[in-house]
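Structural data only, the sequence is not supplied:
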């Protein structure tokens, strides 16, 4: 067990829902207009933050150096979603203040906010900066208007440029762009133009994800205490059609192209889907792969205390009802689940190998890992690099072949 | 209780009919009229007691029943109906049933007319010297054409029309006349009850309590319930556990006399000690020589039977041994395959027999099985006077350089078809390396065609094709006519240079290239991409005749693995790992067993 070094806050609202997205998200009138539920949610979220902080206080002491305090302050705070840039500026500021008061925020803490680029969803950069956000992760996805429409995005390429520009002007220190490849019907040429356009905005960090179309219902994740919401039938149809427009060979070529472009532009690869300029790797996300403990709040959010993985159920009504009971009774933590984290070394090795740090060469001496790692070296998925063992570029693209032998 | 009836009032008979011509319905009516079955307990097709038989509308194992009938002369007769299978694969079983009879009822559908198998079975019966009682069934159907069918009987079998009985087993019309004809036309058995006992074993089943129960027809002598019996071929002796007749339930009797049909519970645990075709005598007063036995059932079609999951192998071994106690007409021996693991090489009477054995194993023993492509038994003449070896598994064919000649079994095929399809059948048979022998009009619209054809071509999909090309109207029967040399080669399928044993086939040289292309094309779709390029080749010896490539996999990656994804993704990876564990390795290539199953299943169709 370890006290959390990071905190994840899930904000489950978007203006509209993208058919490929699996996150816990509510849209439409839940997010906008007179019936919107953002305020009630924020109220519940604050209750959860307090309740979870109480538990941590009891276990680790109050945060911050000072009288009686022994719990280390958070090094990272990550506001993800959903579209947390939809949070009213005052709510955002208050939320971060609450976190600072109850969890502690290191003076050099990385505070990330996810934002969508559309004018009605990206929020006010100055207010975001003023609230204490140090890192903005912008869901750009593509710079190709038709691709953006296919993905159900509300923004155009110009909106991405405007969002980056606003953030820079407001003095946000680190800006990341999310991009998607292996889109249905996407060509290597259109991907190349997206990369050019993204790099022209001089972001500090780029995440690139192969469009992954899962079926959370089939995986059994959407029950009442599940961390996912039931897939809408429209989204299911969209995915079935989109899968037919995907191609693994093309996706691999896109990955390789991007990896080269980003390297030329001064980015270092540091995780299978992440590249950063020096000093801009996401410390919060690195914590996941390094096996550090983190706390999490909001529907569908996952936490890890070093031993157990815990999650909140995804359904918003039940979440609010637990934390802000309509009958005025006492608040309780929302439903969810927990299970012991994998105790074998395979999971930790797999997470470490996702990153450029890889594993120390001594890992080859561990009987539980040796066979799989030797196989990886033999097949050139892994290569020694100084004292470390790292995935090769081909190895990154074929990493599951290795990981399936490690777990 | 069965009453003792003098030999002169015994009648032993079979019913010969094509599938669906109404044999079972007629048998049901005979049972009802003679009160062998309480009508309240009457289930349709009483004789077909296996589920499979009822579903497929065929009779697989011979069954027997004793009917007691008071004839119009006022006397009580015992009529032993010995049922026969109605499918081409089972002519062996038909012949042994017929050997226990003096007569046979020939049932022909008045709307459909004579079928190929009917002819074959009537010829078998005539060869045994049986009296034929011809019956036109289903005369109640609007489409019945009794006159035309009587012409056919006259033309094809020289059966005079005045002997033909017109019957509707469904509504009972003419059925009493059938019973009378059995009494009047079929001779009583001969054979002296005071001579030493000779009883022919014409069928058997295994009972966990009574051991091997044999079905017998007594030719001479008398068998008492307290006798010690001896099986003349195997030499086994046993104290009788029980003696009885079929009503159709087994009903014990104190004795059976020459001419009678019944069962003997031997208590023997090994079915080989009391095989069908053996002769039973008494240990006290043995007969000097046995009755002429049967030719042993000959396996014509061979295939490997494997459990879909390897851990079921011991269950399969158990199941095959148990089933063999009830159906000694298939053979089995252990074999193993890279692709399919451990299983059994089995020999069957034909394709339907193979299907039935597989289905019975699956149903009665809850197994999930896969069969390799069926093969015939080849004779391979080796070079340098090294003699002839027989090969029923293509993977076991000796090296090409050692082979002087390969011979394959041929059959003579009889097809009865509406004359409109003569051309289609000529084409089908010549495409299958067959040759046309002759053609005979049964009536103005239907013909009997004869072909000679390699058995290997017949077992691929000839029967399906025959049905397809004649809109289901044609029927067929075949008999073996010996081996002939042919330009045969073994076609191997290789994955990354390694042969996949379960997919090897022996084919005619001229067909090898096109089959090779089909096989590698299909396999390419089924083998998942690997981390390296995988060539798939079809080859004859070292000569590659078709090639496809499975391109190397380039991407298998989890794009996102953040806080909430870790457990979920680990579970996905564990599934992949489990999948890999169950893959079969051919060289360094991992192939899911489903790929082999799909290859073999497509072969079946």
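Here it is on my side, so go on. Just so we're clear, the structure is a prediction, and the values are computed from it rather than from any experiment.

Which elements pack onto the helix or strand residue B:506 falls within?
Assigned by DSSP states H and E, residue B:506 belongs to strand B:505-508. If contacts are counted by 3 or more CB pairs under 8 Å, 6 or more residues apart in numbering or on different chains; DSSP states H and E, strand B:505-508 sits against strand B:488-495. For every residue, glycine as well, the C-beta is placed using N, CA and C.

Packing partners of the strand it packs on?
Checked by 3+ CB pairs under 8 Å, 6+ apart, strand B:488-495 has strand B:505-508, helix B:509-526, strand B:534-540 packed alongside it.

Dump the ones you listed into CSV; add mean neighbour count and mean pLDDT as well.
Shown next, in CSV, are these (neighbours: other CB atoms under 10 Å in any protein chain shown; pLDDT from 0 to 100):
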stretch, mean neighbour count, mean pLDDT
strand B:505-508, 21, 92
helix B:509-526, 17, 92
strand B:534-540, 21, 95
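
The ones you listed: which one's closest to residue B:275?
Between residue B:275 and the helices and strands packed on strand B:488-495, the shortest gap by CB to CB is with strand B:505-508, which sits at 31.4 Å.

Of all the residues in stretch A:364-384, which ones are buried?
Buried residues in stretch A:364-384, counted by 16 or more other CB atoms under 10 Å in any protein chain shown: A:369, A:372, A:373, A:376, A:377, A:379, A:381, A:382, A:383.

Those residues in strands, which ones?
When DSSP state E is applied, the buried residues of stretch A:364-384 are split such that A:382, A:383 fall in strands.

Chain B next: which of the buried residues of stretch A:364-384 are close?
A:379, A:381 (CB under 8 Å from any CB of the partner chain).

of the buried residues of stretch A:364-384, closest to chain B?
Using CB to the nearest CB, residue A:379 comes nearest to chain B of the buried residues of stretch A:364-384, at 6.0 Å.

quick one: the closest one and residue B:531 touch, right?
Yes: look at residue A:379 against residue B:531 with CB atoms under 8 Å: they come within range, at 6.0 Å.

Overlap in contacts, these two.
Residues touching both residue A:379 and residue B:531 (CB atoms under 8 Å, 6 or more residues apart in numbering or on different chains) are residue A:401.

Would you confirm that residue A:114 contacts residue A:84?
Yes: look at residue A:114 against residue A:84 with CB under 8 Å: they come within range, at 5.5 Å.

Looking at those two now, which is surrounded by more residues?
residue A:84 (28 against 20; other CB atoms under 10 Å in any protein chain shown).

And the more buried one, how far from residue B:303?
Using CB to CB, to the nearest Å, residue A:84 is found at 64 Å from residue B:303.

What pairs with the strand holding residue B:506, parallel or antiparallel?
Applying DSSP bridges to the sheet, strand B:505-508 is found paired with strand B:488-495 (antiparallel).

so after the partner strand, what's the next helix or strand?
Assigned by DSSP H and E, the successor of strand B:488-495 is strand B:498-499.

So which other helices or strands are in contact with that following strand?
Packing contacts for strand B:498-499, counted by 3+ CB pairs under 8 Å, 6+ apart, involve no helix or strand.

which other residues reach that strand?
Identification of contacts with strand B:498-499 by CB under 8 Å, 6+ apart yields B:492, B:493, B:586, B:587, B:589.

these two touch, right, the second one and residue B:507?
No: in this structure, residue B:493 sits apart from residue B:507 without contact. The criterion is CB under 8 Å, and the distance is 11.9 Å.

Taking the centroid of chain B, which residue is nearest it?
Taking CA atoms, centre = their mean, the centroid of chain B lies closest to residue B:353, which sits 3.0 Å from it.

Test my guess that it contacts residue B:330.
Yes: contact between residue B:353 and residue B:330 holds when scored by CB under 8 Å: they sit 6.8 Å apart.

what's around the nearest residue to residue B:126 once chain neighbours are set aside, how many residues?
Leaving aside its sequence neighbours, residue B:126 sits nearest to residue B:132 (CB to CB, 6 or more residues apart in numbering or on different chains; 7.2 Å). Residue neighbour count, defined by other CB under 10 Å, stands at 19 for residue B:132.

May I ask which helix or strand encompasses residue B:132?
Using DSSP H and E, residue B:132 sits within strand B:131-137.

which other residues reach the helix or strand just after that strand?
Downstream of strand B:131-137, the first helix or strand assigned by DSSP H and E is helix B:146-157. If you take CB under 8 Å, 6+ apart as the criterion, helix B:146-157 is touched by B:108-110, B:113-114, B:119, B:122, B:132, B:134, B:136, B:139, B:159-161, B:164, B:166, B:440-443, B:446, B:448.

May I have the strands that pair with the helix or strand just after helix B:146-157, each with its orientation?
For helix B:146-157, the following helix or strand on the C-terminal side (DSSP H and E) is strand B:165-166. Partner strands and pairing direction for strand B:165-166 (DSSP bridges) are strand B:131-137 (parallel).

quick one: the partner strand to helix B:146-157, angle?
Strand B:131-137 runs at 150 degrees relative to helix B:146-157, counting by axes from the mean of the first three to the mean of the last three CA atoms, to 10 degrees.

Would you mind listing the buried residues in strand B:131-137?
B:131, B:132, B:133, B:134, B:135, B:136, B:137.

and if you look at stretch B:395-403?
B:395, B:396, B:397, B:403.

Let me see the confidence value for the third one.
Residue-level confidence at residue B:397 comes out at 92, pLDDT.

mind listing the strands for the stretch 51-200 of chain A?
Counting by DSSP state E, counting those that start in this stretch, the stretch 51-200 of chain A has strands at residues A:74-81, A:105-115, A:135-141, A:174-181.

Highest mean neighbour count out of these?
Using mean count of other CB atoms under 10 Å in any protein chain shown, the stretch among the strands of the stretch 51-200 of chain A with the largest mean neighbour count is strand A:135-141, at a mean of 27.

elements contacting it?
Counting by 3+ CB pairs under 8 Å, 6+ apart, strand A:135-141 packs on strand A:105-115, helix A:157-170, strand A:174-181, strand A:205-210.

Could you list the low-pLDDT ranges of the stretch 501-605 of chain B?
Low-confidence segments of the stretch 501-605 of chain B, defined by pLDDT under 70: B:601-605.

cool, and chain B?
B:1-3, B:36-62, B:84-93, B:293-297, B:601-605.

Any idea how far apart the tips of stretch A:294-309 sit?
For stretch A:294-309, the first-to-last residue distance is 10 Å (CA to CA, to the nearest Å).

That one vs chain B: in contact?
Yes: judged by CB under 8 Å from any CB, stretch A:294-309 comes into contact with chain B through A:294, A:296, A:300, A:301, A:302, A:303, A:304, A:309.

which of those lies closest to chain B?
Chain B has its nearest neighbour among these in residue A:302, at 3.8 Å by CB to the nearest CB.

related to what we said a few turns ago, quick one: the residue nearest to residue B:126 and residue B:103 touch, right?
Yes: under the criterion of CB under 8 Å, residue B:132 makes contact with residue B:103 at 7.2 Å.
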